[in-house]
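Peer 1: Have a look at this prediction, sequence included:
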Amino acid sequence: LACLGALFPVARQALALARVGQPFTIEMLMTVAAIGALMIGAAAEAAMVVVLFALGELLESIAAARARDGLRALARQMPETALLERDGQTREVAAATLQPGQILRLRPGDRAPVDAEIVEGVSGLDESAVTGESVPVTRGPGERVLAGSINTEALLRLRVTRAAADSTLARIARMVAEAEAAKAPVERFIDRFSRWYMPLIVGLAALVAVLPPLLTGADWGVWIYRALALLLIGCPCALVISVPAAMAAALSTGARRGLLVKGGAVIEALARLRLVALDKTGTLTPGRPRVTDLRPAAGVAVADLLAHAAAVEAGSSHPLARAILARAAAEGVTAPAATAARVIPGVGAEAQIAGALWRIAAPAAGNPQAAALQAEAKTVVELCRDGVPQGLIALRDEPRPEAGAALAALRALGLDSVMLTGDAEAPARALAAPFGLAVKAGLLPEDKCAEVTRLSAQGGVLMLGDGINDAPALRAADVGVAIGAGTDVAIETADAVLMRNDLTDLPALIRLSRQTLGNIRQNVAIALGLKAVFLVTSVFGITGLWIAVLADTGATVLVTANALRLLRYDPRRAA
């Protein structure tokens, strides 16, 4: 009676699945095996079947819960209230009501409830909850504060940049939830395999139970017992859990270290790369260029060149535009009024000023002055008025400090790298030369996308970028990866995001994916290996129901424990 009572919910689920066209399920195998054992008088074995099946289900739920613990803990820590400043006074409000533009106060020890920008104050911020970076970073006015960051030192005044529902942390939670729901190709294969494997095991067990007694007059009880053992050992519990358990653990490990991956399919693709393509400005470089040279055309004043360039770039968020605006502000230059301003992705920007069309774009080929500046690894833009050149502006953006180490790590992983940039050939090659990096320069967004598509025809191409102009290439690559400080368009388009804005996280992401696939191969080998051994011993009567049940649950335990090892894996440590 105890066995039947415990079996009832399992049998009910088996019947419910059978009604929707899924008669061959793990629940059905357990139900048939337990009832069959009771019918032949093996009550102890029947009870053990039910108990160990419940244990296996419990282990699976524990594995899934542990894989999500990090995100759940962070969600619990997020403040529900914030100190809103208005008219010099502060009051406590619900964090969910905050809107962009409002001013907050963040006291030492407080956790930022939303994404914001520092208006006043300098302090250390512990961003480990979001980026996985354990060392606090110092931030000052104009710099961003991510939701979930802890203020470690001084009072800060912040301007809200995103509502709570759109904060970095909220987006991380959504990405991880969507990733857990997305199945990898290997996981889909296991599902398909289970669909034909289950009927095969049921049919084989039926033949074992019926044929020997009918053909040789053997004892029915003995062969039914062996058939039930075969049914149990054939149960693919461990095989079914082998992939999702490893994927869930890997996604959680990545999220805790600022490596966001949008699904198991991405992990599988990351493990099979052969080439990495990188954008230049904002990716290989930090995207903070500075103006180094102002070369006005004859009859044009330096101040006029800078003022009109700033007017054209006023509506652009491109790093080069920000550098020109910063130089104009530093020199106290006032930009004239501009209308009909627009950004031309991958080309430049233009605006109407005093009835004339002013445009900033790459200089025409063959300009010796531009070529000399480009040879010094400087990016050169030309300001034109109604098509007439008004002068050149040269800017330089140094490579990220960790770029060399990141590219060396990619080579150590057996991957080739190429830089794809809209910049001119000379400065692009000058910047890439110290790293031994191949270069494709002068690419418009559509050219960059076409180049990635061409490279992807041979398979295994990753594109790393940060800007709106990188979005088509990110989509075209086998795997698109965005820098966390990049544009929202790039982050939403990409398959994975490096939240720390550190290039060394790219090889770490690839190590994590390779470790995950290795873990899955081990899990499948454990599951199928144990099945193969005990299927044979069950048919020949060497092992009975007890061993069959223990072997099935034991395989589930081993596979689950092996998958959970990924929670302790640190992909930033090179093997």
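Peer 2: Sure, I can see it. Numbers count the residues shown, from 1 in each chain.
Peer 1: Looks like Ala471 contacts Val489 (just checking).
Peer 2: Yes. The pair Ala471 / Val489 is scored as a contact, 5.0 Å apart, by C-beta atoms under 8 Å. C-beta: built from backbone N, CA, C; applies to glycine.
Peer 1: neighbour count winner among those two?
Peer 2: When Ala471 and Val489 are compared on other C-beta atoms under 10 Å, the one with more neighbours turns out to be Ala471, at 23 against 15.
Peer 1: show me what contacts the more buried one?
Peer 2: If you count contacts by C-beta atoms under 8 Å, 6 or more residues apart in numbering, Ala471 has them with 445, 465, 489-490, 493.
Peer 1: Which of the residues you listed ranks first by neighbour count?
Peer 2: For the contacts of Ala471, the largest number of neighbours (other C-beta under 10 Å) sits with Gly465, at 31 neighbours.
Peer 1: isn't it right up against Ala473?
Peer 2: Yes. With contact taken as C-beta under 8 Å, Gly465 and Ala473 are classed as touching, separated by 6.3 Å.
Peer 1: got any residues that touch both of these two?
Peer 2: Going by C-beta under 8 Å, 6+ apart, residues that sit against Gly465 and also against Ala473 are 279, 480.
Peer 1: hey, which strand is longest across the protein?
Peer 2: Longest strand in the chain, counting residues (DSSP state E): strand 388-396.
Peer 1: Partner strands of that strand and their direction?
Peer 2: strand 290-296 (antiparallel), strand 379-385 (antiparallel) (DSSP bridges).
Peer 1: Against which helices or strands is the helix or strand just after that strand packed?
Peer 2: Downstream of strand 388-396, the first helix or strand assigned by DSSP states H and E is helix 403-412. With contacts taken as 3 or more C-beta pairs under 8 Å, 6 or more residues apart in numbering; DSSP states H and E, helix 403-412 sits against strand 416-420, helix 505-539.
Peer 1: what's the least confident stretch among these?
Peer 2: Mean pLDDT per stretch puts helix 505-539 lowest among the helices and strands packed on helix 403-412, at a mean of 87.
Peer 1: Okay, buried residues for that one please.
Peer 2: Residues of helix 505-539 classed as buried: 505-517, 519-520, 522-524, 526-528, 530-531, 534-535, 537-539 (neighbour count, 16 or more other C-beta atoms under 10 Å).
Peer 1: Nearest approach to Pro141 belongs to which of the helices and strands packed on helix 403-412?
Peer 2: Shortest distance between Pro141 and the helices and strands packed on helix 403-412, using C-beta to C-beta, is found for helix 505-539: 27.0 Å.
Peer 1: now for the closest one, which elements pack on it?
Peer 2: Contact partners of helix 505-539 among helices and strands, from 3+ C-beta pairs under 8 Å, 6+ apart: helix 185-216, helix 220-233, helix 237-256, strand 259-261, helix 264-270, helix 403-412, strand 496-498, helix 545-564.
Peer 1: CSV for the ones you listed, including distance to Ala6 and mean neighbour count?
Peer 2: Below are those laid out as CSV (distance: least, C-beta to C-beta, whole Å; neighbours: other C-beta atoms under 10 Å):
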stretch, distance to Ala6, mean neighbour count
helix 185-216, 22, 15
helix 220-233, 16, 24
helix 237-256, 17, 26
strand 259-261, 39, 27
helix 264-270, 33, 24
helix 403-412, 52, 18
strand 496-498, 44, 27
helix 545-564, 14, 22
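Peer 1: which one of those lies closest to Val479?
Peer 2: Comparison of the helices and strands packed on helix 505-539 against Val479 by C-beta to C-beta identifies helix 264-270 as nearest, at 4.9 Å.
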